[in-house]
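J.: Need a 3D model of the sequence below.
(chains A and B)
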Amino acid sequence: MQRRSYFLIGVSLALILGGVASARASQIVWSGLVIANNVAQPDKIPPELNRIEGTLKALFGYNQFKVIGQSQKTLVTGSEDWLASSKYFSLSVDSKRETAAGYLVNLKLFQEKNLLLETEAKVSKARPLVIKGPQVGDGQLLLVLVVQ
Amino acid sequence: MKTFEEKWTAWLDGELSGDELAEFEASLPDKAAAEAEKRDAHKLGAFLKEQLQGRAMGNEEFFHHQLRERIAGDARAALVPERAGAKPALWPIGRLVWVGATSLAIFCVCTFFVMREKGPADQSQYLTQILNARVDPAVSPNATISMFESGEGKVTVLWVDGLQSLPSEYATK
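T.: The predicted structure is shown next:
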């Protein structure tokens, strides 16, 4: 009887602690600078964009999406900052705090040292954020933020 | 036949008499020293008797009463376990554990249903939202910003038009 009670308490605690631990588990945020354009033989889409490939193609009308700069950040505290950069562009991401819905982030797109765009967004795992940037040659610069 | 030590002890205690006394005293090598020793032994005996005497109990009746009460109490205590076995404790540890586990399970079930009901109503707060956006008007004076959801809600889009176009070399890694 007593042994069974201890077992039951142990299982309950494990379930509770497991739930708490999984709820607090750190998440990975992928941020990328993507050049979208149309080519005869498009490269395979990067794996980070797989889930939104159809949406990107339909939305922007391009058949190739190439990553020119990226960063993959594991968020532990929820208040972190990082940079995804290419030769001429850099995307600064400043995660301010973690909420139940996701992360509150401040994004800044720089062309070399010029600030082109600044936005504040609440990013969730359920829905990536896509930002249409400037026209680059025959293509388009896109900024993508995905909580994995 | 008595040994010398037995006769000596009996002589010290004054238990020898008659011929036996005369014979023992005649066998003593130094009677004066033996008499002195006998006196010393008597003095020591008297002293010890005086010092080692037990103290008289002043309240003897009270202590007897206490003892009787204690014995009666012990006798009553011997009967208590039989009665205790007839009536179990109201909340033993085992029952408390089961009540706690049951309460926890009920709490979890209620939480599950409450969260499930609340989920769809608050779904919007779990989606990506653009709170604000701006471009530098000095750099991009004709820029316009719009926000929408696309791909049947698969992505949140910040659509910026009017940014300055750049040559294709800017697409390098």
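J.: make it CA atoms for all contacts and neighbour counts henceforth
T.: OK.
J.: Run through the helices of chain A in chain order.
T.: A:2-23, A:53-60 (DSSP state H).
J.: and those, which one is worst for confidence?
T.: Looking at those, the lowest mean pLDDT belongs to helix A:2-23 (a mean of 55).
J.: Closest to the geometric centre of chain B, which residue is that? Let me know.
T.: In chain B, the residue lying closest to the centroid (C-alpha atoms, centre = their mean) is residue B:93, at 16.7 Å.
J.: Quick check, pLDDT for that residue.
T.: 85.
J.: Would you list the phi and psi of it?
T.: phi -60, psi -40 (degrees, to the nearest 10).
J.: likewise residue B:128?
T.: phi -70, psi 130.
J.: Spit out the contact partners of it.
T.: A:102, A:121, A:122, A:123, A:124, A:125, A:126, A:127, A:128, A:129, B:155, B:156 (C-alpha atoms under 8 Å, 6 or more residues apart in numbering or on different chains).
J.: Now the helix or strand where residue B:42 lies: buried residues?
T.: Using DSSP states H and E, residue B:42 falls within helix B:31-51. By 16 or more other C-alpha atoms under 10 Å in any protein chain shown, the buried positions in helix B:31-51 come out as B:34, B:38.
J.: Over to stretch B:12-32?
T.: Buried residues in stretch B:12-32 (16+ other C-alpha under 10 Å): B:12, B:16, B:21, B:25.
J.: Start from the N-terminal end of chain B and give the helices.
T.: B:4-12, B:18-27, B:31-51, B:60-86, B:93-121.
J.: Serialize the buried residues of stretch B:12-32 to CSV and add fields for pLDDT and distance to residue A:69.
T.: CSV is the format used below for those (pLDDT from 0 to 100; distance: C-alpha to C-alpha, whole Å):
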residue, pLDDT, distance to residue A:69
B:12, 87, 122
B:16, 85, 128
B:21, 88, 131
B:25, 87, 131
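J.: Could you restrict those to the ones contacting chain A?
T.: Among these, no residue sits close to chain A (C-alpha under 8 Å from any C-alpha of the partner chain).
J.: of those residues, closest to chain A?
T.: Distance to chain A across the buried residues of stretch B:12-32 (C-alpha to the nearest C-alpha) is lowest for residue B:12, with 75.9 Å.
J.: In this structure the closest one contacts residue B:38, no?
T.: Yes. In this structure, residue B:12 is within contact of residue B:38 by C-alpha atoms under 8 Å, at 5.6 Å.
J.: got a list of what residue A:135 touches?
T.: Contacts of residue A:135 (C-alpha under 8 Å, 6+ apart): A:141, B:163, B:164, B:165, B:166.
J.: Counting only strands, which of those make the cut?
T.: Residues of the contacts of residue A:135 located in strands (DSSP state E): residue A:141.
J.: which ones are touching the residue nearest to the centre of chain B?
T.: Counting by C-alpha under 8 Å, 6+ apart, residue B:93 has no contacts.
J.: Could you check how far it is from residue B:100?
T.: 11 Å (C-alpha to C-alpha, to the nearest Å).
J.: Nearest spatial neighbour of residue B:167, chain-adjacent residues omitted?
T.: Excluding the flanking residues, the one nearest residue B:167 by C-alpha to C-alpha, 6 or more residues apart in numbering or on different chains is residue A:137, at 4.7 Å.
J.: For the one you found, give me phi and psi.
T.: Dihedral angles (degrees, to the nearest 10) for residue A:137: phi 60, psi -130.
J.: What separation is there between it and residue B:4?
T.: 139 Å.
J.: Same check on residue A:109?
T.: 126 Å.
J.: next one: residue A:145
T.: 119 Å.
J.: Check residue A:94 too.
T.: Taken as C-alpha to C-alpha, the span from residue A:94 to residue B:4 is 115 Å.
J.: neighbour count winner among the two?
T.: residue A:94 (19 against 11; other C-alpha atoms under 10 Å in any protein chain shown).
J.: For burial, what's the neighbour tally of the residue lying closest to that one once chain neighbours are set aside?
T.: Nearest residue to residue A:94 in three dimensions, chain neighbours excluded: residue A:81, at 4.2 Å (C-alpha to C-alpha, 6+ apart). By other C-alpha under 10 Å, the residues close to residue A:81 number 15.
J.: Many thanks, have a good one.
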